[in-house]
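Colleague: Need a 3D model of the sequence below.
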Amino acid sequence: MSKRRLLIIIAGLCLLPPLILAGQFAVFLLRPLTPPAAPTLVTIPPGATLPVTAATLERAGVIASATTFRLLARYTGEVSKIKAGVYAFNAAATPREVLRRLAAGDVLKHRVTIIEGMNLREIAARFAAAGFGSAGDFLALTKDRAFIRSLGLPEAASLEGFLFPETYLFAAGVSQRKIIETMTAEFRRHLTPELTRAAAAAGLDLLKLTTLASIIQKEAGNTGEMPLIASVFHNRLRRRMPLQADPTVIYGIPNFNGNLTKRDLQTHTPYNTYRIPGLPPGPISSPGADALVAAAMPAATTYLYFVAKGDGTHAFSSNLRDHNVAVRRYQLRRG
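Modeller: Below you'll find the predicted structure:
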């Protein structure tokens with residue numbers, strides 16, 4: 001064998017391991033693993049190092065090699081971009097695609113819908129059911145005076161009324177504090193300059209505006225009637241008449257059983273608007289945008305009364321005689 005041929009063979013043998021490694025790396029990059037039968041949840045904790053992250057992904061079966069994944073992350077310069085959170089993998093993905101998701105923070109998110117008219121207890125229960133901590137902890141946070149002040153909201157006993165009803169997408173594991181901050185920010189977003197000016201002209205500060213809107217939200221069967229219902233309450237407030245709103249009475253009854261009695265209407269609580277003049281001390285539910293607008297900009301009417309007609313709408317009256325006729329017609333089914 002010639003010396004030249006020997007050198008060529010030696011050189012080829014020296015190049016073989018790098019070529020094999022390069023081939024293995026290429027296969028690793030291009031070949032996704034078999035997709036899992038069910039979605040695989042992988043939690044990357046805050047502050048996790050690259051080796052810990054890669055090992056977590058390998059144990060979960062998302063990537064084939066933690067070592068090669070570390071090389072890829074360092075080669076692409078995305079080590080510092082990897083974000084903590086819970087990730088859901090339910091389809092085959094190449095390591096490059098996995099790395100892109102980690103760098104983009106494409107974490108698992110839960111959709112939570114808060115409906116207009118829900119109160120704090122109902123909201124807390126809904127978030128607890130979605131896996132965002134306990135309802136008790138959520139409620140305690142909504143009554144934390146220092147936290148309320150940090151949100152720039154009025155001094156009140158709780159955040160009742162200020163958690164805006166909307167459909168939210170929250171990353172799994174997000175804190176309850178962050179949830180509440182997001183919801184109150186959404187509330188403030190709906191306080192347009194026009195709305196706040198109209199409320200001020202009507203003598204309503206932010207707490208009174210939200211309180212009145214929350215009552216309108218609970219009383220109205222549809223958004224179209226909200227300005228009319230608002231006009232009744234504004235007219236009563238101007239005349240110093242009790243609001244006589246059943247939803248406020250119900251809010252003040254612990255463990256309400258669904259049956260509002262005459263005794264309930266006669267029991268004195270801070271929320272019994274049959275017994276106390278003016279607005280109750282705070283909101284009774286989370287009002288939506290339409291209720292907030294109606295509270296600030298009611299219809300111009302002389303109405304002082306309304307009664308449910310049983311079809312989701314109300315009959316409105318400007319005097320007690322007409323109201324009694326409407327009550328007999330729609331509630332007592334007489335006359």
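Colleague: just how off-centre is the helix or strand containing Thr184 within its chain?
Modeller: Here Thr184 sits within helix 176-189, counting by DSSP states H and E. Remark: helix 176-189 is offset 8 Å from the chain centroid, using CA atoms, centre = their mean, to the nearest Å.
Colleague: Wait, Pro45 touches Ile82, no?
Modeller: No. Taking contacts as CB atoms under 8 Å, Pro45 lies outside contact range of Ile82: 11.4 Å. (Glycine included, C-beta is placed from N, CA and C.)
Colleague: More neighbours: these two, which one.
Modeller: Comparing Pro45 with Ile82 by neighbour count (other CB atoms under 10 Å), the higher total belongs to Ile82, at 20 against 12.
Colleague: Any buried residues in stretch 307-314, and which?
Modeller: Of the residues in stretch 307-314, 307-308, 313-314 count as buried by neighbour count, 16 or more other CB atoms under 10 Å.
Colleague: Then stretch 246-253?
Modeller: 246-252.
Colleague: Same check on stretch 224-242?
Modeller: For stretch 224-242, burial by neighbour count (16+ other CB under 10 Å) applies to 225-237.
Colleague: same deal with stretch 252-263?
Modeller: So, applying 16+ other CB under 10 Å, buried residues of stretch 252-263: Gly252.
Colleague: And for stretch 121-132?
Modeller: Residues of stretch 121-132 classed as buried: 123-124, 126-128, 130, 132 (neighbour count, 16+ other CB under 10 Å).
Colleague: do stretch 142-162 as well
Modeller: Quick answer for stretch 142-162 (16+ other CB under 10 Å): 142, 147-148, 151, 153-154, 156, 158-162.
Colleague: Show residues contacting it.
Modeller: Outside stretch 142-162, the residues within contact range by CB atoms under 8 Å, 6 or more residues apart in numbering are 119-120, 124, 141, 163, 177, 180-181, 183-184, 187-188, 205-207, 210-211, 213-214, 281-287.
Colleague: End to end on that stretch, go ahead and measure it.
Modeller: End-to-end distance for stretch 142-162: 10 Å, by CA to CA, to the nearest Å.
Colleague: Would you map out the domains in the chain?
Modeller: 30-104, 109-189, 204-303 (automatic domain parsing).
Colleague: so which of these gets nearest Arg321?
Modeller: Arg321 lies closest to domain 204-303 among the domains of the chain, at 13.7 Å (CB to CB).
Colleague: Could you pull up the mean pLDDT of the closest one?
Modeller: Mean per-residue pLDDT for domain 204-303: 95.
Colleague: Also stretch 39-53?
Modeller: 90.
Colleague: Relative to Met241, which of the buried residues of stretch 307-314 is nearest.
Modeller: Using CB to CB, the buried residues of stretch 307-314 come closest to Met241 at Val307, 15.9 Å.
Colleague: Could I get the full set of helices for the stretch 1-150 of the chain?
Modeller: Using DSSP state H, counting those that start in this stretch, the helices found in the stretch 1-150 of the chain span residues 3-30, 50-59, 66-76, 95-104, 120-129, 135-142, 145-150.
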